[in-house]
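Student: my questions are about this predicted structure, shown below with the sequence.
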Amino acid sequence: MSATTQAVPTPQQSQRLGSLHGLGVACGLGAGVWLGAAEAPTKLVTAGLSPFAISLCMVAGVFTARWTFPTLVKGTRYVFADLARKKHLIVWALLAGALWAVANTLTVFAIRDVGLAIAFPLWNANSLIGLFWGWLLFGELRGARATTVVKVVLGGAAIVVAAILLGFSTIHGGITSPHNAIHGIAAAAGASLLWGTMYVPYRKAYISGLNPLSFVTAFTVGELSTVFALVLAFDGGTQSAVFHSSQVRPMLFWLFLGGLVWVIGDIFQQYAVKHLGIGRGIPLSNTNQLWGLAWGALVFGELAGAPAAQKFLVIAGSIVMILGAIAISSAVAGQGEQSSTDKVRRAECVRYNLDYDRVLAEYSGEGTGHQEKRGWWDYLIIALAVSVFVWLGKSAAVPPMAMNFYWLAVLTAVLVLALGACCWVLWKVTKFS
C-alpha cells in the first residue's frame, strides 16, 4: 500500500505503538547503565596519552564491537538487505558517525580538564538539543496533551538548571584551575551540541523503518574515518604517538573495552530513540550521568578531596538532572502526537518511495521480516573480534591509577544484569526488530 492511501495508523497499530513505551523505557535505562561505564577508560588520559589517541583507540574498539553485535544477533545478510532497501539512509548514518566522533573527542578533553564526575552531567544537556530537533523535524509533542507538554518543558528546564549548578561547582570547587575549567566546560558543551544533533539521523532512519542494528553498522564507518582524520590533522599525522609509542599497546585493551561497553549502551539507546522518540529517549539514556558519577566517585575517587560546597552542587545538580529526565521520559505519547509523527513518516515514504505498511510495521517492532541464513563469514567476524580482545588482553597492563576494586566489581555486576534484562525484553517483544 502506498503512503498516500492510509492516513493514520489503525487502532491496533496505535495500541501497539503505545505499548512499546515500556520497552523504550527499559532500553533507555539500560543504555544509561552501559553508557555511564563507557567513558571510564578515558581516564587513561592522565597516563600521558593525548585525547586524540584516546579517542582513536576507543573508536577502534567501537568499530570492532559494532560489527560483532549486529552479526551475532541478526547476521550480515539481514543487515545488508535492510540497508539495501533504504540506501538513502546510509549517508545519514555516516554523518551521524562523524558527529559522534568529534563529540567523543571533545569529551576526552572535558574529562581531562574537569574530571569524569563533572563532565558527564554537563554534556548530557544534549537532551535539550534533541528535544528541539524532535519537535521541529519529527512532530514530537505536536498534538500532545497539555500535561505531556508540561512534563517535557519542566524536565528540559530542570536539565538547564542542573547544567548551571554543575558548571559553577567546577569553576569554584577548587579541583582545577579556572582556566582549565573553562576549557573543559566548553568541550563538554560542544559535545552536547553535536550529540544532540546526531540524533536527527537516528530518528530519520527509524521513522523509515530501518533496524537499529543495520544503522549502527554503517554508522561505525563514519566515526572511525572521522577520528582517524582528526589524528592525522591535529595529533602529528603519521608521526602521532598513537602509531609509534610503546606505552599505547598496554592501554589498548582498556580502550577497546571502553568502546565495547559504549557500543552495548548505544545499541540500547538506539532502541530507546526508536520507540520513544528523541525528546524522550535521550533524557532517559542520560541517566548515564548518574552511573558516570558513580564510576568517577566510587571507583576513581574523584570527589574524595572535594570541599562540602562542591559536593553539594554536584549532588544537587545530578538529582535535578535526573528528575528532569524522569519528567520527560514519563510523558507517554497520546493519539494526537502519534498522528503528528505519522504525518512525518508518510512524508518520508512519499519522498523515498517506501511502502507505508511495511515501514509502519518495522517502526512498531512488528516487521521482523525474513530471518536470513547466516553465512560462514558471520562466524569468522565474531571469531576475529573475540581474537582481537584476547590478543590485546594478553599484553594489557593495569592502568597506573588508584581504583577501588570493590566498587569496580559491584558496578560490573550491575552492567551484566542490565544487559541480560534488556536483551531478554527486546527479544521477547520485537525479536530485535
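Tutor: Okay, I see it.

Student: show me where the chain dips below the pLDDT cut-off.
Tutor: For the chain, applying pLDDT under 70 flags the ranges 1-19, 41-49, 116-117, 120-121, 163-164, 166-180, 365, 367-372, 399-400.

Student: in the host helix or strand of Cys423, what counts as buried?
Tutor: Using DSSP states H and E, Cys423 falls within helix 405-430. For helix 405-430, the buried set under the neighbour-count rule, 16 or more other C-beta atoms under 10 Å, comprises Trp407, Leu411, Leu415, Ala418, Leu419, Cys422, Cys423, Val425, Leu426, Val429, Thr430. (Each C-beta comes from the backbone N, C-alpha and C, glycine too.)

Student: from those residues, which single one is nearest Phe219?
Tutor: Leu426 (18.5 Å; C-beta to C-beta).

Student: I figured the closest one hits Leu23, correct?
Tutor: Yes. Between Leu426 and Leu23 there is a contact at 7.2 Å, judged by C-beta atoms under 8 Å.

Student: what do those two both touch?
Tutor: Tyr271 (C-beta atoms under 8 Å, 6 or more residues apart in numbering).

Student: any idea how far the spatially most central residue of the chain is from Tyr78?
Tutor: Nearest to the mean C-alpha position of the chain, by C-alpha atoms, centre = their mean, lies Asp266 at 3.9 Å. Here the criterion is C-beta to C-beta, to the nearest Å. By it, Asp266 lies 19 Å from Tyr78.

Student: again, but for Cys422
Tutor: 20 Å.

Student: what about Ser246, which SS state?
Tutor: Here Ser246 is coil, with the state taken from DSSP: H, G, I helix; E, B strand; the rest coil.

Student: any idea how far Leu252 is from it?
Tutor: Counting by C-beta to C-beta, the gap from Ser246 to Leu252 is 12 Å.

Student: quick one: which of those two has more around it?
Tutor: Leu252 (21 against 7; other C-beta atoms under 10 Å).

Student: OK, contacts around the nearest residue to that one once chain neighbours are set aside?
Tutor: Once flanking residues are discounted, Leu252 sits nearest to Leu392: 5.0 Å by C-beta to C-beta, 6 or more residues apart in numbering. With contact set as C-beta under 8 Å, 6+ apart, Leu392 has these partners: Leu252, Phe253, Phe256.

Student: closest to Gly196 out of these?
Tutor: Phe256 (27.0 Å).

Student: next, the buried residues of the helix or strand hosting that closest one.
Tutor: Assigned by DSSP H and E, Phe256 belongs to helix 249-276. Neighbour-count burial for helix 249-276, with 16+ other C-beta under 10 Å as criterion, is recorded at 250-276.

Student: rewinding a little: export the contacts of Leu392 to JSON lines and tack on distance to Thr238?
Tutor: What follows is the contacts of Leu392, written out as JSON lines (distance: C-beta to C-beta, whole Å):
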{"residue": "Leu252", "distance to Thr238": "18"}
{"residue": "Phe253", "distance to Thr238": "24"}
{"residue": "Phe256", "distance to Thr238": "22"}
